[in-house]
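> here is my input; please provide its structure:
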Amino acid sequence: MDILLNRDLSTLQSLIDQFIEIQGISYVYIRDETGEFLAHTFVPGIPEEILNADPSDISTVERQLPGMGENVEVSRPILAGVDGAVHVGMDTGMIALQVQRAIGRQVYLISIVFVLGVVAAIWLVNLAAKPIGDVLTYAVALARGEENEVESVEGVLGRKDEAGQLARLFAHFSRGHVSASSSDGAT
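Reported below is the predicted structural model:
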């Protein structure tokens, strides 16, 4: 503020020259309340389109400037318009590139999360299905009366979850069925 109020234009010029180094900023200029250019980053001179522009207009404007391409110019008043306005031109191509990069990163991140989710879902389904497969193998072995096969899946009987309970229930019914059939055959 002091730079503008004291009209230290050389310091003001060096200050806005620093902003032109920011990627995506094409130009910066400052006009006072009368419309006079206090400082700018145009070399060799101010383009005709900007010279002919309304100095009091602080709306966002799209400009096609020779040698600079397409730009969006954003303007903001200084001290509520009492001391003029600052105008910053941003390269729309650079803005579009930054948006594309951001979208690309988000798609990449979402893809990673999706792939990890699918892998985790497959792992969890297999984790849940393995005990059921063990019980099924145990039940089939019991139904066939294959004692050696029953012993190979005997670990399912030691489980403390629902699969173990179901296997023990099968074993109980199998023993009851065997003893009931042997007593039926004896009579």
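> run through the helices of this structure in chain order.
Along the chain, the stretches classed as helices by DSSP state H are 2-5, 9-19, 48-51, 92-144, 147-152, 162-186.
> considering these, which stretch scores lowest in mean pLDDT?
Lowest mean pLDDT within those: helix 2-5, at a mean of 51.
> quick one on the thing from earlier: want to throw the helices of the chain into JSON lines with mean neighbour count and distance to residue 36?
The C-beta positions use only the backbone N, C-alpha and C, and glycine is treated the same way. Shown next, in JSON lines, are these (neighbours: other Cβ atoms under 10 Å; distance: least, Cβ to Cβ, whole Å):
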{"stretch": "helix 2-5", "mean neighbour count": "13", "distance to residue 36": "12"}
{"stretch": "helix 9-19", "mean neighbour count": "13", "distance to residue 36": "11"}
{"stretch": "helix 48-51", "mean neighbour count": "13", "distance to residue 36": "11"}
{"stretch": "helix 92-144", "mean neighbour count": "12", "distance to residue 36": "28"}
{"stretch": "helix 147-152", "mean neighbour count": "12", "distance to residue 36": "95"}
{"stretch": "helix 162-186", "mean neighbour count": "13", "distance to residue 36": "84"}
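> okay if I get those as a markdown table plus distance to residue 64?
Listed next are those as a markdown table, based on distance: least, Cβ to Cβ, whole Å:
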| stretch | distance to residue 64 |
| --- | --- |
| helix 2-5 | 30 |
| helix 9-19 | 21 |
| helix 48-51 | 8 |
| helix 92-144 | 10 |
| helix 147-152 | 80 |
| helix 162-186 | 71 |
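> closest one to residue 71 among those?
Taking Cβ to Cβ, helix 92-144 is the member of those nearest to residue 71, at 6.3 Å.
> helices and strands around the closest one, which ones?
Judged by 3 or more Cβ pairs under 8 Å, 6 or more residues apart in numbering; DSSP states H and E, the packing partners of helix 92-144 are strand 69-77, helix 147-152, helix 162-186.
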